[in-house]
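A.B. asks: build the 3D model from these lines:
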Amino acid sequence: MEEVILVDEQDKEIGVMEKMEAHLKGRLHRAFSIFIFNDKNEMLLQQRATGKYHSGGLWTNACCSHPKPGERIEDAAVRRLKEELGFETPIDKIFDFTYKASFSNGLTEHEFDHVFAGVYNGEMNINKNEAENVCFRSMEEIESDLQTHPHKFTAWFSLAFPRIKNWKNTASVIA
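C.D. replies: Take a look at the predicted model:
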């Protein structure tokens, strides 16, 4: 049985719940999203496996998941990146946000999402139970695709992308 950490609007832990029950009830729980870039400043996109419990076949950021009860969110993010895409790279927390999205199968994602970013240029060993495909795309290409084909992307990616773009623009100015 896989459990998620239930949280309040400030990300304070308030309990645990079986993952599917939390998604059926739309309960706010802790999650993370990882955005990976290469040296060409292209973003790594993952096409979710069609067998996923929601959003199967849609494109999204490199990796998303939930920490286990008692697991540090940073440790969970590193663990899942390795499990899903078969590589490790340093990541940094860049922001967090809360969102709620309902799906046609009756499930609801209601997440306090911790967002991490990193750089990677090497080989990947994709877990086909998690991802069908991966590719690197420019921010401009992704933005254009989000405008013309929003149905091809996950709900959380569509919400996070403008924040990532703003972060990248700010980070480029600072660096």
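A.B. asks: any chance you could map the strands in this structure?
C.D. replies: 3-7, 13-18, 29-37, 43-48, 59-61, 63-65, 91-102, 108-119, 131-137 (DSSP state E).
A.B. asks: turn these into TSV, columns for distance to residue 156, mean neighbour count and mean pLDDT.
C.D. replies: Using the backbone N, CA and C atoms, a C-beta is placed for each residue, glycine as well. Formatted as TSV, the strands of the chain follow (distance: least, CB to CB, whole Å; neighbours: other CB atoms under 10 Å; pLDDT from 0 to 100):
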stretch	distance to residue 156	mean neighbour count	mean pLDDT
strand 3-7	15	21	98
strand 13-18	19	14	97
strand 29-37	7	24	97
strand 43-48	11	21	96
strand 59-61	7	23	96
strand 63-65	7	23	94
strand 91-102	6	15	94
strand 108-119	6	21	95
strand 131-137	16	16	95
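A.B. asks: among those strands, which comes closest to residue 150?
C.D. replies: Closest to residue 150 of these, according to CB to CB: strand 59-61, at 10.6 Å.
A.B. asks: for residue 83, which of the strands of the chain is the nearest?
C.D. replies: strand 63-65 (8.4 Å).
A.B. asks: off-centre distance for the biggest helix by length in the chain?
C.D. replies: Taking DSSP state H as the criterion, the chain has its longest helix at helix 155-174. A distance of 13 Å separates the centroid of the chain from that of helix 155-174, by CA atoms, centre = their mean, to the nearest Å.
A.B. asks: what residues sit buried inside that helix?
C.D. replies: Within helix 155-174, the residues scored as buried using 16 or more other CB atoms under 10 Å are 155, 156, 157, 158, 159, 160, 161, 164, 167, 168.
A.B. asks: counting contacts, what elements does that helix pack onto?
C.D. replies: If contacts are counted by 3 or more CB pairs under 8 Å, 6 or more residues apart in numbering; DSSP states H and E, helix 155-174 sits against strand 29-37, strand 59-61, strand 91-102, strand 108-119, helix 139-148.
A.B. asks: please produce JSON lines containing these, extended by distance to residue 79.
C.D. replies: Converted to JSON lines, the helices and strands packed on helix 155-174 look like this (distance: least, CB to CB, whole Å):
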{"stretch": "strand 29-37", "distance to residue 79": "10"}
{"stretch": "strand 59-61", "distance to residue 79": "16"}
{"stretch": "strand 91-102", "distance to residue 79": "12"}
{"stretch": "strand 108-119", "distance to residue 79": "12"}
{"stretch": "helix 139-148", "distance to residue 79": "26"}
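A.B. asks: who wins for proximity to residue 71 among those?
C.D. replies: Nearest to residue 71, of these and by CB to CB, is strand 29-37 at 9.9 Å.
A.B. asks: since that was my last question, I'll sign off now.
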